[in-house]
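> with the sequence up front, the predicted model follows.
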Amino acid sequence: MGSALASEDVYLRQTVRTAAKLLVVGHFAVGKTTFVGSLSEIKPLRTEETMTQAGALVDDLAGIEGKSTTTVAMDFGRLTLSDQLVLYLFGAPGQKRFTRLWQDMTQGALGALVLADTRRLDQSFDVMGLLEEHELPYAVAVNHFAGAPTYDDAEIREALDLLPETPLITCDARDRGSSTEALISLVQYLQVRNARRTSA
Ligand SMILES: Nc1nc2c(ncn2[C@@H]2O[C@H](COP(=O)(O)OP(=O)(O)OP(=O)(O)O)[C@@H](O)[C@H]2O)c(=O)[nH]1
Ligand SMILES: [Mg+2]
């Protein structure tokens, strides 16, 4: 994102009628900031802070030793899907100490994309539990890291105890196209769910 953004990309189009708020969630270091950053058309708002040695006792760095910063509050990005529709993306940390932040973050959100890492699938339960508590529908995107084990969808579904209807996709959070596809899966799921609810 080296070059300056054109002003028409920075300001919200006047034609926009609907703004949808979506969350991008997941455990520590799963790629939330990267995901929001690769999708956002505005310079994403980040709250990154350098991690200290003391933090190593709190957040487990095994397998991601190169990571030097962590999100201390949230990530925020924007993606215009059409002349009328804009998505606001909120990246929310999943650690237990952020539970209070979730009260605000979930207000008005339509749903969430849960990023997961096959090296730490068990760590996704906290965020999925929080989403269920807040009654927010979600899709799961496995963010693939080099060297991470690959499993069949059925195995991942079983390990994460997903409902049959919950979308499961694989993505590379660094790649805009791949991240867009993951987000589209979530949006399609929310649409189908909504249509089912309104016709019920
Ligand atoms: N190989 C690979 N690396 C990734 C991918 N997504 C993120 N990374 C790297 O993984 C590290 C963690 O990514 P972040 O985006 O900071 O993760 P986060 O979930 O925001 O982390 P916290 O806010 O600290 O919880 C960074 O070094 C990224 O460059 C991916 O899809 N593939
Ligand atoms: Mg982050």
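Structure received. Ligands and ions are numbered 1, 2, ... in the order given.
> can you mark which positions in the longest helix seen in the chain are buried?
In the chain, assigned by DSSP state H, the helix with the most residues is helix 176-199. For helix 176-199, burial by neighbour count (16 or more other C-beta atoms under 10 Å) applies to 178, 179, 182, 183, 185, 186, 187, 189, 190. For the C-beta atoms, the positions are set from N, CA and C on the backbone; glycine is no exception.
> let me know the closest of those residues to ligand 2.
Ligand 2 lies nearest to residue 179 out of the buried residues of helix 176-199, by C-beta to the ion, at 14.3 Å.
> do you know how far the closest one is from residue 127?
For residue 179, the distance to residue 127 (C-beta to C-beta, to the nearest Å) stands at 18 Å.
> and for residue 154?
Noted for residue 154: a distance of 22 Å to residue 127, by C-beta to C-beta.
> of these two, who's got more company?
The residue with more neighbours, out of residue 154 and residue 127, is residue 127; 25 against 9, by other C-beta atoms under 10 Å.
> tell me who's in contact with the more buried one.
Contacts for residue 127 (C-beta atoms under 8 Å, 6 or more residues apart in numbering) come out as 25, 26, 27, 94, 114.
> whichever strand or helix holds the last one: how far from the chain's middle?
Using DSSP states H and E, residue 114 maps to strand 109-116. Relative to the centre of its chain, strand 109-116 is centred 5 Å away, using C-alpha atoms, centre = their mean, to the nearest Å.
> can you give me how far the helix or strand that it is followed by is from the chain middle?
Reading on from strand 109-116 to the C-terminus, the next helix or strand found by DSSP H and E is helix 125-133. Relative to the centre of its chain, helix 125-133 is centred 13 Å away, using C-alpha atoms, centre = their mean.
> how about the contacts of residue 127 in CSV, adding pLDDT?
Shown next, in CSV, are the contacts of residue 127 (pLDDT from 0 to 100):
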residue, pLDDT
25, 96
26, 95
27, 92
94, 78
114, 98
